[in-house]
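Participant: Turn this into a model:
(one chain, ligands or ions: 1)
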Amino acid sequence: MNIIKKSEATYILVINISEDLKIRVGQLGEVFFKEGDYIYIGSAKACLEARLQRYLRKEKRIFWHIDYLLRSEKTKILRIWTIDKKVECQTAEVFYQEPTTKIIKKGFGSSDCKCLTHLFFVKDKKKTVKILKKIGFSAYYSFSKFKIDNPLL
Ligand SMILES: [Zn+2]
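Facilitator: Predicted structure coming up:
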(Lines give C-alpha, C1' and ligand atoms only; values in the text may rest on other atoms or scores of the structure.)
Protein backbone atom coordinates (compact mmCIF):
# COMPACT_ATOMS: atom_id res chain seq x y z
CA MET A 1 0.00 0.00 0.00
CA ASN A 2 1.19 3.42 -0.92
CA ILE A 3 0.49 5.92 1.84
CA ILE A 4 -0.16 9.45 0.67
CA LYS A 5 1.10 12.02 3.13
CA LYS A 6 1.38 15.16 1.08
CA SER A 7 -1.71 17.19 0.46
CA GLU A 8 -1.63 17.14 -3.33
CA ALA A 9 -1.75 13.92 -5.23
CA THR A 10 -2.49 12.50 -8.65
CA TYR A 11 -4.22 9.20 -9.21
CA ILE A 12 -4.81 6.88 -12.12
CA LEU A 13 -7.89 4.68 -12.25
CA VAL A 14 -7.45 1.59 -14.40
CA ILE A 15 -10.95 0.80 -15.60
CA ASN A 16 -12.28 -2.21 -17.47
CA ILE A 17 -15.40 -1.98 -19.61
CA SER A 18 -16.76 -5.47 -20.20
CA GLU A 19 -19.04 -4.67 -23.17
CA ASP A 20 -19.35 -1.87 -25.72
CA LEU A 21 -21.11 0.98 -24.02
CA LYS A 22 -22.93 4.10 -25.15
CA ILE A 23 -23.77 6.53 -22.38
CA ARG A 24 -24.54 10.16 -21.91
CA VAL A 25 -21.70 11.98 -20.17
CA GLY A 26 -23.19 15.25 -18.96
CA GLN A 27 -22.65 18.11 -21.37
CA LEU A 28 -20.34 16.04 -23.54
CA GLY A 29 -23.41 14.21 -24.79
CA GLU A 30 -23.47 10.55 -25.83
CA VAL A 31 -20.11 8.84 -25.79
CA PHE A 32 -19.28 5.42 -27.20
CA PHE A 33 -16.85 3.29 -25.20
CA LYS A 34 -15.44 0.20 -26.83
CA GLU A 35 -15.00 -2.76 -24.48
CA GLY A 36 -11.51 -2.95 -23.03
CA ASP A 37 -9.23 -1.15 -20.62
CA TYR A 38 -8.97 2.54 -19.90
CA ILE A 39 -7.01 4.87 -17.68
CA TYR A 40 -8.45 7.96 -16.08
CA ILE A 41 -6.15 10.61 -14.62
CA GLY A 42 -7.32 12.76 -11.73
CA SER A 43 -6.00 14.72 -8.82
CA ALA A 44 -7.06 15.47 -5.28
CA LYS A 45 -5.97 18.26 -3.00
CA ALA A 46 -6.62 17.21 0.54
CA CYS A 47 -8.77 14.12 0.62
CA LEU A 48 -7.31 11.59 -1.78
CA GLU A 49 -8.35 8.69 0.42
CA ALA A 50 -11.98 9.82 0.50
CA ARG A 51 -11.96 10.49 -3.22
CA LEU A 52 -10.62 7.06 -4.05
CA GLN A 53 -13.02 5.31 -1.68
CA ARG A 54 -15.83 7.21 -3.35
CA TYR A 55 -14.81 5.82 -6.74
CA LEU A 56 -15.02 2.31 -5.40
CA ARG A 57 -18.71 2.68 -4.58
CA LYS A 58 -21.27 2.20 -7.34
CA GLU A 59 -23.98 4.36 -5.79
CA LYS A 60 -23.03 7.96 -5.68
CA ARG A 61 -24.12 11.27 -6.98
CA ILE A 62 -22.93 12.34 -10.40
CA PHE A 63 -20.35 15.06 -10.08
CA TRP A 64 -17.53 14.41 -12.55
CA HIS A 65 -17.54 13.00 -16.09
CA ILE A 66 -15.96 9.81 -14.79
CA ASP A 67 -18.97 9.21 -12.52
CA TYR A 68 -21.21 8.67 -15.56
CA LEU A 69 -18.91 5.91 -16.70
CA LEU A 70 -18.29 4.30 -13.33
CA ARG A 71 -21.93 3.96 -12.39
CA SER A 72 -22.46 1.51 -15.25
CA GLU A 73 -22.63 -2.15 -14.29
CA LYS A 74 -20.32 -2.87 -17.21
CA THR A 75 -17.43 -0.94 -15.74
CA LYS A 76 -15.14 -1.71 -12.87
CA ILE A 77 -11.97 -0.26 -11.43
CA LEU A 78 -9.20 -2.83 -11.64
CA ARG A 79 -6.46 -0.86 -9.99
CA ILE A 80 -5.50 2.55 -8.70
CA TRP A 81 -2.06 4.12 -9.06
CA THR A 82 -0.99 7.20 -7.14
CA ILE A 83 1.82 9.70 -6.87
CA ASP A 84 2.13 12.38 -4.20
CA LYS A 85 2.42 15.38 -6.44
CA LYS A 86 0.17 17.20 -8.83
CA VAL A 87 1.16 15.89 -12.25
CA GLU A 88 -2.32 15.27 -13.61
CA CYS A 89 -1.97 17.29 -16.80
CA GLN A 90 1.67 16.34 -17.41
CA THR A 91 0.63 12.68 -17.19
CA ALA A 92 -2.23 13.26 -19.62
CA GLU A 93 0.28 14.86 -21.97
CA VAL A 94 2.51 11.76 -21.80
CA PHE A 95 -0.39 9.48 -22.75
CA TYR A 96 -1.54 11.88 -25.43
CA GLN A 97 1.89 11.48 -27.08
CA GLU A 98 1.96 7.72 -26.51
CA PRO A 99 0.83 5.68 -29.54
CA THR A 100 -0.59 2.80 -27.47
CA THR A 101 -3.12 4.98 -25.64
CA LYS A 102 -6.00 6.56 -27.47
CA ILE A 103 -8.26 9.55 -26.85
CA ILE A 104 -11.92 8.57 -26.63
CA LYS A 105 -13.70 11.87 -26.21
CA LYS A 106 -12.27 15.36 -26.24
CA GLY A 107 -12.99 17.19 -23.01
CA PHE A 108 -13.57 14.07 -20.91
CA GLY A 109 -12.32 14.84 -17.40
CA SER A 110 -10.58 18.01 -18.51
CA SER A 111 -13.22 20.71 -18.00
CA ASP A 112 -10.95 22.51 -15.55
CA CYS A 113 -7.74 22.49 -17.59
CA LYS A 114 -6.49 22.82 -21.13
CA CYS A 115 -5.88 19.11 -21.78
CA LEU A 116 -7.68 17.32 -24.60
CA THR A 117 -8.77 14.61 -22.21
CA HIS A 118 -7.94 12.79 -18.99
CA LEU A 119 -9.34 9.47 -20.19
CA PHE A 120 -7.50 7.11 -22.50
CA PHE A 121 -8.20 3.77 -24.09
CA VAL A 122 -5.33 1.37 -23.34
CA LYS A 123 -4.12 -0.82 -26.20
CA ASP A 124 -1.04 -2.20 -24.45
CA LYS A 125 -1.37 -2.75 -20.70
CA LYS A 126 2.28 -3.65 -20.13
CA LYS A 127 3.44 -0.52 -21.87
CA THR A 128 1.02 1.61 -19.85
CA VAL A 129 2.27 0.13 -16.56
CA LYS A 130 5.85 0.73 -17.66
CA ILE A 131 5.08 4.40 -18.36
CA LEU A 132 3.25 4.86 -15.04
CA LYS A 133 6.18 3.40 -13.12
CA LYS A 134 8.62 5.54 -15.07
CA ILE A 135 6.70 8.69 -14.16
CA GLY A 136 6.83 7.59 -10.51
CA PHE A 137 3.37 6.19 -9.82
CA SER A 138 2.97 3.32 -7.40
CA ALA A 139 0.20 0.80 -7.06
CA TYR A 140 -2.27 1.94 -4.46
CA TYR A 141 -5.13 -0.47 -4.76
CA SER A 142 -5.92 -3.67 -6.55
CA PHE A 143 -9.09 -5.70 -6.71
CA SER A 144 -7.89 -9.14 -5.84
CA LYS A 145 -11.40 -10.58 -5.92
CA PHE A 146 -11.69 -9.87 -9.63
CA LYS A 147 -9.94 -11.92 -12.21
CA ILE A 148 -7.38 -9.75 -13.92
CA ASP A 149 -5.83 -11.19 -17.05
CA ASN A 150 -2.58 -9.35 -16.52
CA PRO A 151 -1.38 -9.33 -12.91
CA LEU A 152 0.74 -6.26 -13.64
CA LEU A 153 -2.30 -4.11 -14.20
ZN1 LIG B 1 -5.40 18.44 -17.66
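Participant: mind checking the SS state of the nearest residue to residue 56 once chain neighbours are set aside?
Facilitator: Of all residues not flanking residue 56 in the chain, residue 77 sits nearest, at 6.4 Å (Cβ to Cβ, 6 or more residues apart in numbering). Heads up, the C-betas are built off the backbone N, CA and C, glycines and all. Taking DSSP: H, G, I helix; E, B strand; the rest coil as the rule, one finds residue 77 in the strand state.
Participant: Tell me the bridge partners for residue 77.
Facilitator: With DSSP bridges as the criterion, residue 77 is bridged to residue 15.
Participant: Please tell me how far it sits from residue 124.
Facilitator: 19 Å (Cβ to Cβ, to the nearest Å).
Participant: Who has more neighbours out of the two?
Facilitator: Set residue 77 next to residue 124 and count neighbours by other Cβ atoms under 10 Å: residue 77 wins out with 18 against 14.
Participant: ok, residue 126 - how many residues close by?
Facilitator: 12.
Participant: Which residue ranges of this protein form helices?
Facilitator: 48-55, 65-70, 88-97, 125-135 (DSSP state H).
Participant: Could you identify which of those helices is most buried?
Facilitator: helix 65-70 (a mean of 20; mean count of other Cβ atoms under 10 Å).
Participant: For the protein, give me the ranges with low pLDDT.
Facilitator: 1-7, 141-153 (pLDDT under 70).
Participant: again, 50 this time
Facilitator: Within the chain, the segments meeting pLDDT under 50 span 4, 144-151, 153.
Participant: Residue nearest the middle of it, spatially speaking?
Facilitator: Using Cα atoms, centre = their mean, the residue of the chain that lies closest to the mean C-alpha position is residue 40, 2.0 Å off.
Participant: Nearest spatial neighbour of that one, chain-adjacent residues omitted?
Facilitator: Nearest to residue 40 is residue 13, by Cβ to Cβ, 6+ apart, at 4.4 Å.
Participant: Fine by me, thanks again.
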